[in-house]
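**Q** Okay, sequence plus prediction incoming.
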Amino acid sequence: MDETIVISLGGSLIVPDQVDTEFLKEFKSLILSHVEKGKRFAIICGGGRTCRKYQNAAKEATETTNEDLDWIGIATNNLNAELLRVVFKDLAHTKVIYDLASPLPDSKIIIGGAYEPGHSSDMDAVLAANTLGAKKIINLSNADHVYDSDPRTNPNAKKFDQISWKEYRSIIPTEWTSGLHTPFDPIASKLAEENGIEVVIMNGRPIDNLVNYLNGEKFVGTTIS
């Protein structure tokens, strides 16, 4: 059986400010090189800064609920997913998959979007992993590691190379709120722990870090298991 790898691809890599076409081309080339080696991929897209821009605009213009903001997030996740599907063209399944808890097509590359409110794209990645029988998720974003506090505000924040689910969940919020900025969301974390799924948090830039991980070599990041 082919090895199945689930990637939760952060919107911060797809659209850091403008759409990063160089990253998309490098990412496509890397994924295809591993498909040729017999690997299968499910790539679930996040919304990133685009999502937060629209959510912030909504909050400034009117009163919003978490569900309102989640639907904006779903739309931006799916926009990024459609972009990625077009980048891979006929090399991936012909449609973006939204409901990742349902049976998935037997394709070498599946692009996943978002389906319902209440969680981030991390949860969709866990659902995809469960559906496909995968036990590892790569969470690819602009974060290098998991830290015990925000390194942007605390210069003494401790970084982890490895951390247990119990310890990780003790340092993040217990509830999901739309726009929550945490390496792996609390709802997804709970389900991943329950299902024995390992999650690797790593920065997608430079792409060499992902190259190293996929080749079984030393990489920079945090493994949560």
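**A** Thanks, I have it.
**Q** Counting by contacts, list what whichever helix in the chain runs longest packs against.
**A** Scanning the chain for the helix with the most residues, using DSSP state H, yields helix 66-88. Here helix 66-88 touches helix 11-14, helix 21-35, strand 40-45, helix 48-61, strand 109-112, going by 3 or more C-beta pairs under 8 Å, 6 or more residues apart in numbering; DSSP states H and E. (Glycine included, C-beta is placed from N, CA and C.)
**Q** Take that helix, keep the C-alpha atoms, and write them as CSV.
**A** Output of helix 66-88 as CSV, limited to C-alpha atoms (Å, rounded to 0.1, in the frame of the first residue of the first chain):
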residue,chain,number,x,y,z
ASN,A,66,-18.1,33.0,15.8
GLU,A,67,-20.1,31.2,13.2
ASP,A,68,-20.2,34.3,10.9
LEU,A,69,-16.4,34.5,11.0
ASP,A,70,-16.0,30.8,10.5
TRP,A,71,-18.1,31.0,7.3
ILE,A,72,-15.7,33.7,6.0
GLY,A,73,-12.8,31.4,7.0
ILE,A,74,-14.4,28.5,5.1
ALA,A,75,-14.8,30.6,1.9
THR,A,76,-11.1,31.8,2.0
ASN,A,77,-9.9,28.2,2.7
ASN,A,78,-11.8,27.0,-0.3
LEU,A,79,-10.5,29.9,-2.5
ASN,A,80,-6.9,28.8,-1.6
ALA,A,81,-7.9,25.2,-2.3
GLU,A,82,-9.2,26.0,-5.7
LEU,A,83,-6.0,27.9,-6.5
LEU,A,84,-4.0,24.8,-5.5
ARG,A,85,-6.2,22.5,-7.5
VAL,A,86,-5.5,24.5,-10.6
VAL,A,87,-1.8,24.6,-9.8
PHE,A,88,-1.7,20.8,-9.8
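**Q** ok, back up a step: Throw the helices and strands packed on helix 66-88 into TSV and include mean pLDDT, thanks.
**A** What follows is the helices and strands packed on helix 66-88, written out as TSV (pLDDT from 0 to 100):
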stretch	mean pLDDT
helix 11-14	95
helix 21-35	97
strand 40-45	97
helix 48-61	94
strand 109-112	98
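**Q** The nearest residue to Q55 once chain neighbours are set aside: neighbouring residues, count only.
**A** Closest residue in space to Q55, ignoring its immediate chain neighbours: L69 at 4.8 Å, by C-beta to C-beta, 6 or more residues apart in numbering. Using other C-beta atoms under 10 Å, L69 has 21 other residues around it.
**Q** L69 and T62 touch, don't they?
**A** No. The criterion here is C-beta atoms under 8 Å, and L69 misses it with T62 at 11.4 Å.
**Q** just to revisit the earlier point, out of the helices and strands packed on helix 66-88, flag the one nearest R85.
**A** Proximity to R85, assessed across these by C-beta to C-beta, is greatest for strand 109-112 (4.5 Å).
**Q** Show me what the closest one is packed up against.
**A** By 3+ C-beta pairs under 8 Å, 6+ apart, strand 109-112 packs against strand 40-45, helix 66-88, helix 121-132.
**Q** What residues sit buried inside the second one?
**A** For helix 66-88, the neighbour count (16 or more other C-beta atoms under 10 Å) marks 68-74, 76-81, 83-85, 87-88 as buried.
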